[in-house]
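[1] got a predicted structure here, sequence first:
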Amino acid sequence: MAELYREYHRPLLSFVLRLVGGDRSWAEDVVQETMIRAWNSIDRLDVDGDSLMPWLATVARRIVIDDRRRRAARPSEAGEGPLETLQVGDGMEELLRSVVVSEALKALSPAHREILTETILRDRSVNEAAEVLGIPVGTVKSRTYYALRALKLALEERGLRA
């Protein structure tokens, strides 16, 4: 085995370096694995033949292919660095925003609150809201306009940009 290593290590390493794009560490791992497989198959190898290089090269190439498939199947690891700076929302911001909006809606007149409920929260058209509320379409349009202005002002008073 020592003789096999001495004779084929350098040419095999050179061959594998080309296969792995110059990654020396990976190439050395592949050569080592190839030599282990040669050791395990020593009884089946023709050590007295011309050269074992074709067999070793085929084994090394298959190891590289298997490594690439294994790496492609598994997502790359990111390490801990990005997780330390990752900001995860705890929902508190949304909760506070909904409380502020709710308070701003309570500050509106009942007519404005009613028109925004029908047109925005219930997603009704102007015609549908007019029918449900029993008021003219023009009144729905003007109340919606003034209700939105009042809501915007109420939100700004509470520190929320509308």
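    Thanks, I have the structure now. Residues are numbered from 1 along each chain as shown.
[2] check which helix or strand covers the residue nearest to residue 97 when sequence neighbours are not counted.
    Leaving aside its chain neighbours, residue 97 sits nearest to residue 160 (6.8 Å; criterion: C-beta to C-beta, 6 or more residues apart in numbering). C-betas here are computed from N, CA, C, even on glycine. Secondary structure from DSSP states H and E places residue 160 outside every helix and strand.
[3] residue closest to the middle of the protein?
    In the chain, the centroid-proximal residue (C-alpha atoms, centre = their mean) is residue 75; its distance is 10.6 Å.
[4] contacting residues for the residue lying closest to residue 26 once chain neighbours are set aside?
    Computed as C-beta to C-beta, 6+ apart, the closest residue to residue 26 that is not its neighbour in sequence is residue 20, at 4.6 Å. Contacts for residue 20 (C-beta atoms under 8 Å, 6 or more residues apart in numbering) come out as 26, 27, 30, 64.
[5] and the residue nearest to the centre of the chain, how far is that from residue 67?
    Relative to residue 67, residue 75 is positioned 16 Å away (C-beta to C-beta, to the nearest Å).
[6] just residue 38 next, same as before
    18 Å.
[7] ok, then the element right after the helix or strand bottoming out on mean pLDDT in the chain?
    Here the helix or strand of the chain ranked lowest by mean pLDDT, DSSP states H and E is helix 81-85, holding a mean of 66. Once helix 81-85 ends, the next helix or strand along the chain (criterion: DSSP H and E) is helix 92-106.
[8] for that following helix, buried residues please.
    Across helix 92-106, burial judged by 16 or more other C-beta atoms under 10 Å covers 100, 101, 104, 105.
[9] how far does that helix sit from the chain's center?
    Taking C-alpha atoms, centre = their mean, to the nearest Å, one finds helix 92-106 lying 30 Å from the centre of the chain it belongs to.
[10] ok, now stretch 140-154?
    From the chain centre to the centre of stretch 140-154 is a distance of 41 Å (C-alpha atoms, centre = their mean).
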